[in-house]
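>>> Here you go, sequence then predicted model.
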Amino acid sequence: MIRKFNRQMVWVIPITSQSKNEKFYNKFIFDEKIYFSCITQIRTLSTKRFLRKIGMMQENDFNKIIDKVGSFLKNETPPNDGESRRPKP
C-alpha cells in the first residue's frame, strides 16, 4: 500500500516476478524471492478487496519505490498548448 485515502480506499503498486530492467520498475527481494514493482501500474483499490496480509517488505526497498513514484509523478506534465491529447475525429 502506497497511500491511504480513508478506511476504504488506498493506492497500491502491483508486483511481478518477471524480470524487468526498465526505469519504471523497481527490483526488490521478499521472502527470498526477487520481485519487481510496476510503478506505471499504480491503482486505487478498495480495502474490502484485501483478504489477508501476506507480509511486509524491507523499509529501504519501500523507500526506494516511494522515491520512484515521486519522481514519476513529478515528471508528468500536461500538454502546454491547452489542447486535448485525444485524436481529432
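That came through fine.
>>> how about the most centrally placed residue in the chain, what does it touch?
When Cα atoms, centre = their mean is applied to the chain, the residue found nearest the centroid is I13 (3.2 Å). I13 makes contacts with I2, S37, C38, I39, Q41, I42, R43, I65, V69, as judged by Cβ atoms under 8 Å, 6 or more residues apart in numbering. (Glycine included, C-beta is placed from N, CA and C.)
>>> Can you check those residues and name whichever has the most neighbours?
S37 (24 neighbours; other Cβ atoms under 10 Å).
>>> from the middle of its chain, how far away would the helix or strand hosting that residue be?
Using DSSP states H and E, S37 sits within strand 33-38. The chain centroid and the centroid of strand 33-38 are separated by 12 Å, computed with Cα atoms, centre = their mean, to the nearest Å.
>>> Wait, Q41 touches P14, no?
Yes - here Q41 reaches P14: they are 4.8 Å apart, a contact under Cβ atoms under 8 Å.
>>> hmm, back to that, with just CA atoms, put the strand holding S37 into PDB.
Taking C-alpha atoms only, strand 33-38 is exported to PDB below (Å, rounded to 0.1, in the frame of the first residue of the first chain):
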ATOM      1  CA  LYS A  33      12.400 -14.300  -4.000                       C
ATOM      2  CA  ILE A  34      13.100 -11.500  -6.500                       C
ATOM      3  CA  TYR A  35      10.100  -9.200  -7.500                       C
ATOM      4  CA  PHE A  36       9.700  -6.100  -9.500                       C
ATOM      5  CA  SER A  37       7.200  -3.300  -8.600                       C
ATOM      6  CA  CYS A  38       5.400  -1.800 -11.600                       C
END
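>>> And the nearest residue to S19 once chain neighbours are set aside, how far from Y25?
Closest residue to S19 apart from its sequence neighbours, by Cβ to Cβ, 6 or more residues apart in numbering: F36 at 7.1 Å. Using Cβ to Cβ, to the nearest Å, F36 is found at 5 Å from Y25.
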